[in-house]
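In: Here is my input, please return the structure:
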Amino acid sequence: MSSYNVKEMMSKKDRLAPGHRMCAGCGATIGVRAVLRALHEEDHAVIANATGCLEVSSFMYPYTAWEDSYIHNAFENAGATLSGVETAYKVLKKRGKLPENENFKFIAFGGDGGTYDIGFQSLSGAMERGHDLVYVCYDNGAYMNTGIQRSSATPMYADTTTTPAGKCSDGKMQNRKDLASIIADHDVAYVGQSTFTLNFNDLHKKAEKAIYTEGASFLNLMTPCPRGWRYPTEDIMEICRLAVETCYWPLFEVEHGKWRLTYEPKKKLPIEDFLRPQGRFKHLFKPGNEHLIEEFQAEVDRRWEDLLYKCNR
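Out: Sure thing, here's the model as predicted:
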């Protein structure tokens, strides 16, 4: 792995070209650009992209925003498709049918709907088989492309079009799935969870580790959606900061089974600091709903303590 340099990383040419049709301030494209910057400039990539916001807005045949080889996959099979491509590459390389001086990396992108839910079966299979690829989930916490429906990544009490908050409902009633921990239990080479920190240091380091660690790797990136989460577009970095500082979205990695925190807040903020700026949680701050915030806080605390235990802290 190359020595890490923030300035060098940020100065690299983007492999996702401008001119796509993603929403202004979309977290997904920020995440994609950051991950692809971790590729060494001499290396090529094959990108698999499950159907979702990112796919429909970055690729409309014959036009594409992707600089590398690109495959549009159905919701459910990005992991399976890229597994096949990676296997074919190894076979052709072994038979001497590909140039020795060309190196390809294999990266899949999928939203939480296509990763936590519909695509989980093929993702789990790819991870269990140990293919030398990286699956990146851009987690915006709902099926945003089709109208902000809940997914298993949607946090408890979030207001979505299929879990509307109102007189008879407090929003989604279930806790979000902890997918990074589930994939870590597949005994893969590398798992990283990150989001957009002040200088992108954490995300860039984990992306490079994921790409250049031999074997199956998984990155879970919180990529806020201003439309679905209902916050001012320019506040995306603050939303990410609050997610990390409240421990709603802790930063950690698992290398060959060894868990490690990559950031621990000096003073853990209350979860309401993360919830309050988002319109999808505004019902939680109505009189009489204090117990809902307390329940949300209790779940965050439980998961944080569990993570500290796994990391031997």
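
In: these two touch, right, Q174 and P155?
Out: No. Using C-beta atoms under 8 Å as the test, Q174 is too far from P155 to be in contact (9.5 Å). In this view, the C-beta of every residue, glycine as well, is placed from N, C-alpha and C.

In: what about the two, which has more around it?
Out: For the pair Q174 and P155, the greater number of neighbours falls to P155 (24 against 12), based on other C-beta atoms under 10 Å.

In: now the helices: where do they sit in the stretch 151-300 of the chain?
Out: Residue ranges of the helices in the stretch 151-300 of the chain, as given by DSSP state H, counting those that start in this stretch, are 179-184, 201-212, 226-229, 236-245, 272-275, 290-310.

In: Now mean neighbour count too, for these, in a markdown table please.
Out: Shown next, in a markdown table, are the helices of the stretch 151-300 of the chain (neighbours: other C-beta atoms under 10 Å):
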| stretch | mean neighbour count |
| --- | --- |
| helix 179-184 | 21 |
| helix 201-212 | 22 |
| helix 226-229 | 21 |
| helix 236-245 | 19 |
| helix 272-275 | 20 |
| helix 290-310 | 15 |
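
In: if we compare those, which one ends up closest to S57?
Out: Nearest to S57 among the helices of the stretch 151-300 of the chain is helix 226-229; the distance by C-beta to C-beta comes to 12.5 Å.

In: Please list the residues outside that closest one that contact it.
Out: 23-26, 140-142, 144, 148, 160, 232-233, 236, 239, 278-280 (C-beta atoms under 8 Å, 6 or more residues apart in numbering).

In: mind running it again at 6 Å?
Out: The contact list for helix 226-229 (C-beta atoms under 6 Å, 6 or more residues apart in numbering) reads C23, G25, A142, M144, I148, T233, Q278, R280.

In: Tell me how many other residues crowd the third one.
Out: Residue crowding around A142 was assessed by other C-beta under 10 Å; the count is 28.

In: just for the protein, where's the confidence low?
Out: In the prediction, the chain carries residues with pLDDT under 70 at positions 1-7.

In: What sits closest to the residue positioned nearest the centre of it if chain neighbours are left out?
Out: What sits nearest the mean C-alpha location of the chain, by C-alpha atoms, centre = their mean, is L221, with 2.6 Å. The shortest distance from L221 to any non-neighbouring residue, by C-beta to C-beta, 6 or more residues apart in numbering, is to G31 (4.6 Å).

In: need the contact list for that neighbour.
Out: Shown in contact with G31 (C-beta under 6 Å, 6+ apart): Y138, L221, T223.

In: where does the first one land in three-state SS?
Out: Y138 falls in the strand class when you classify it by DSSP: H, G, I helix; E, B strand; the rest coil.

In: What degree of burial does it show, as a neighbour count?
Out: When neighbours are counted by other C-beta under 10 Å, Y138 registers 27.

In: Same check on the last one?
Out: Burial of T223, expressed as a neighbour count using other C-beta under 10 Å, amounts to 27.

In: who's Y63 bridged to?
Out: Using DSSP bridges, the bridge partners assigned to Y63 are M60.

In: where's it relative to A17, distance?
Out: Here Y63 is placed at a distance of 10 Å from A17 (C-beta to C-beta, to the nearest Å).

In: Name the residue in these two with the higher neighbour count.
Out: The neighbour count for Y63 versus A17, taken as other C-beta under 10 Å, is higher for A17 (12 against 9).

In: ok, now which ones touch the more buried one?
Out: The contact partners of A17, taken as C-beta under 6 Å, 6+ apart, are A65.
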